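*Asks:* sequence unknown, structure follows:
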């Protein structure tokens, strides 16, 4: 099965009702983790990412609830009760991206923003913010796919392996995004969600 992608541009704050409804459906450990974020506006992106994941799983697998999520020793999230279902989420200021399928994957999305010259030189790929984040997103997606951690590619990015592929995504203006996959089909074009469409059943 191909990797399916969902993305949303977050253009307004969440209401208290929306926040409460979204927190209520999270597995307890995810909910507790997000409640530790003191600034409510900082919860919007991860909350919406998990909400998209829930809706995507309901659409693709007809699951009514978001199952327990654990994180491997290297930081890769997974469903312990459903080992054949692979997923990955990413969020940045104003946007979220989710991928699900039956092959290992990693997704990343980043808002293009000012970057210091030392940071650009450390990554060593590009001399503009856009080039920097295109490189960063590629590295991040690949390490999330492998579960190795971003430190493994921070200084030197390794060539693609035989069963590995990377696809740059042109989703939202002002953002860099991409998906890395192993052993799977070409990912389908992302399904773009609006906030009202995403949260309509809360109202």
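*Replies:* Received, thanks. On a predicted model such as this, the values are computed, not experimentally measured, just so you know. Numbers count the residues shown, from 1 in each chain.

*Asks:* Check the burial of residue 139 by counting its neighbours.
*Replies:* 24 (other C-beta atoms under 10 Å). For glycine as for every other residue, the C-beta is placed from the backbone atoms N, C-alpha and C.

*Asks:* Check which helices and strands the worst-scoring helix or strand of the chain on mean pLDDT sits against.
*Replies:* Of all helical and strand segments in the chain, the minimum by mean pLDDT, DSSP states H and E falls on helix 117-123, at a mean of 80. When contacts are defined as 3 or more C-beta pairs under 8 Å, 6 or more residues apart in numbering; DSSP states H and E, helix 117-123 sits against helix 129-146.

*Asks:* 6 Å - rerun?
*Replies:* Counting contacts by 3 or more C-beta pairs under 6 Å, 6 or more residues apart in numbering; DSSP states H and E, helix 117-123 is packed against no other helix or strand.

*Asks:* contacting residues around that helix?
*Replies:* 132, 135 (C-beta atoms under 6 Å, 6 or more residues apart in numbering).

*Asks:* and the residue nearest in space to the middle of the chain, what does it touch?
*Replies:* Residue closest to the mean C-alpha point of the chain, counted by C-alpha atoms, centre = their mean, is residue 90 at 1.9 Å. Each residue near residue 90 by C-beta under 6 Å, 6+ apart is listed here: 97, 107-109.

*Asks:* ok, the helix or strand hosting it: who's next to it in the sheet?
*Replies:* For residue 90, the host element (DSSP states H and E) is strand 86-92. For strand 86-92, the paired strands and their directions (DSSP bridges) read strand 95-101 (antiparallel).

*Asks:* next structured bit after the partner strand?
*Replies:* Next along from strand 95-101, by DSSP H and E: strand 105-111.

*Asks:* just how off-centre is that following strand within its chain?
*Replies:* Relative to the chain's own centre, strand 105-111 is displaced by 5 Å; criterion: C-alpha atoms, centre = their mean, to the nearest Å.

*Asks:* got a list of contacts for that strand?
*Replies:* Contacts of strand 105-111 (C-beta under 6 Å, 6+ apart): 3, 86, 88, 90, 92-93, 95, 97, 99, 133, 137, 140-141, 144-145, 175-177, 179-181.

*Asks:* show me where pLDDT drops low in the chain?
*Replies:* The chain contains residues with pLDDT under 70 at 1, 124-126, 149-155, 203.

*Asks:* mind listing the strands for it?
*Replies:* Per DSSP state E, the chain carries strands over the ranges 4-9, 70-71, 77-78, 86-92, 95-101, 105-111, 164-169, 175-182, 191-193.

*Asks:* Nice, that's everything, thank you.
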